[in-house]
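>>> I'll drop the sequence and a predicted model, then ask my questions.
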Amino acid sequence: MALILEIKGVSKRFGGFKALDDVTLHVARGDIMGLLGPNGAGKSTLIKISLGLMRRDSGIVLLRGLDPFSDPDARKGVGVIFERPMLPESLTIEDFLRRAARIYGSSDSDVRGVLKQLGLESHAWKTFGELSAGLKQRAAIAHALLSNPEFIMADEPTSNLDPVERLKLLRLIEELNRDHGITFLVSSHIIHEVSRISSTLVVLNRGRVIARGSPQDLVMKAPIARVRSQNPEGLASILRGEGYDVAVEGLNVMIRLKSYSDNAALLETLSRASRAGVTVLGVDIIGAGLEELLRGEAA
């Protein structure tokens, strides 16, 4: 398996605070890796160290086979998308991209190509101050693509977007990976979004890797049953009496299961509850959320 990023035993402290603690992971060429964790888990610190923008205290980092902190060539062919792109408010998209193209040695036709590819042609003469958050992120991706990258690191790229723009951006990342072979590392705290497009997931918490694997392995290993009822508190009381870990959310009762093999026993319990007069309107089995992974229930 060809690797584009290798991180081995990396640690980083800020005074007495340990931001990263013996982190080891790798990103294979052609993959989309989802880097998950709550705010403060160490995701942004890890990305900065992976790019050579911050010194690590210990461990090994190889980006394209080179140490990015000591060898700038490691960052050739590597693009970056930050959570809040720092873009010049007074420049138009096209002017900004043309200036960037001169730095990267790209042509005007390359600029026109990324504008078309990102659906920005009709916005090319707008200044960044006029753009929505979604269009700014598209412009940031267009900027990254001008360097003809083989690898893009995206730090919380959907965090400031509305639900529609989030979905559009994730689809774009998936298309760039599928159609152009670009490898991605995408950090997020929203597991259901990133798991849709990722081939591999790594979960960070308090600077440590607490889980890793495919979305199927992690998200679906600790399923949750969502049961809708006209009497959710009554149903929750019955389920707690049977030893289930439950929480009530509106008309939904959320039940944490150990595995999918618990489904049959749960359905039997729900059947008894129904015979006792508690109306069950529907049952869905969904994957684990970030909270369950942090608890180690899907590790």
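Arrived safely. Numbering: from 1, shown residues only.
>>> Which parts of the stretch 1-150 of the chain are strands?
3-14, 17-28, 32-36, 58-63, 78-81 (DSSP state E, counting those that start in this stretch).
>>> which residue packs closest to residue 188, ignoring adjacent ones?
Computed as CB to CB, 6 or more residues apart in numbering, the closest residue to residue 188 that is not its neighbour in sequence is residue 194, at 4.6 Å. Heads up, the C-betas are built off the backbone N, CA and C, glycines and all.
>>> And the pLDDT at residue 259?
Per-residue pLDDT puts residue 259 at 66.
>>> Can I get the helix or strand where the residue nearest to residue 188 lies as PDB, trimmed to CA atoms?
Element membership for residue 194 (DSSP states H and E) is helix 191-197. The C-alpha coordinates for helix 191-197 follow below in PDB (Å, rounded to 0.1, in the frame of the first residue of the first chain):
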ATOM      1  CA  ILE A 191     -19.400  11.800  12.000                       C
ATOM      2  CA  HIS A 192     -22.400  11.100   9.800                       C
ATOM      3  CA  GLU A 193     -21.200  13.600   7.200                       C
ATOM      4  CA  VAL A 194     -17.600  12.400   6.900                       C
ATOM      5  CA  SER A 195     -18.400   8.700   7.100                       C
ATOM      6  CA  ARG A 196     -20.500   9.100   3.900                       C
ATOM      7  CA  ILE A 197     -17.400   9.800   1.800                       C
END
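>>> Determine the set of other helices and strands touching it.
strand 32-36, helix 163-180, strand 183-188, strand 200-205, helix 215-219 (3 or more CB pairs under 8 Å, 6 or more residues apart in numbering; DSSP states H and E).
>>> so which of those is the most packed in?
strand 32-36 (a mean of 27; mean count of other CB atoms under 10 Å).
>>> Quickly run through the sheet partners of it, with directions.
strand 183-188 (parallel), strand 200-205 (parallel) (DSSP bridges).
>>> Which among these is found nearest to residue 95?
strand 183-188 (27.5 Å; CB to CB).
>>> quick one: contacts for the closest residue to residue 208 other than its chain neighbours?
In this structure, residue 208 finds its nearest non-sequential neighbour in residue 21, 4.8 Å apart by CB to CB, 6+ apart. By CB atoms under 8 Å, 6 or more residues apart in numbering, the contact set of residue 21 is 11, 206-208.
>>> so where's the protein uncertain?
For the chain, the stretches flagged by pLDDT under 70 are 219-222, 259-261, 286-299.
>>> Just say which of the strands of the stretch 1-150 of the chain is most tucked in.
The most buried one of those (mean count of other CB under 10 Å) is strand 32-36, showing a mean of 27.
>>> Residue 129 reaches residue 92, doesn't it?
No: contact criterion CB atoms under 8 Å: residue 129 and residue 92 do not qualify, at 10.0 Å.
>>> Among the two, which residue is more densely surrounded?
It is residue 92, of residue 129 and residue 92, that has more neighbours when counted by other CB atoms under 10 Å, with 18 against 11.
>>> Could you check how far the more buried one is from residue 130?
9 Å (CB to CB, to the nearest Å).
>>> Number of residues surrounding the residue nearest to residue 188?
24.
>>> for it, what are its contacts?
34, 36, 170, 186, 188, 201.
>>> Same question for residue 71.
Counting by CB under 8 Å, 6+ apart, residue 71 has contacts residue 52.
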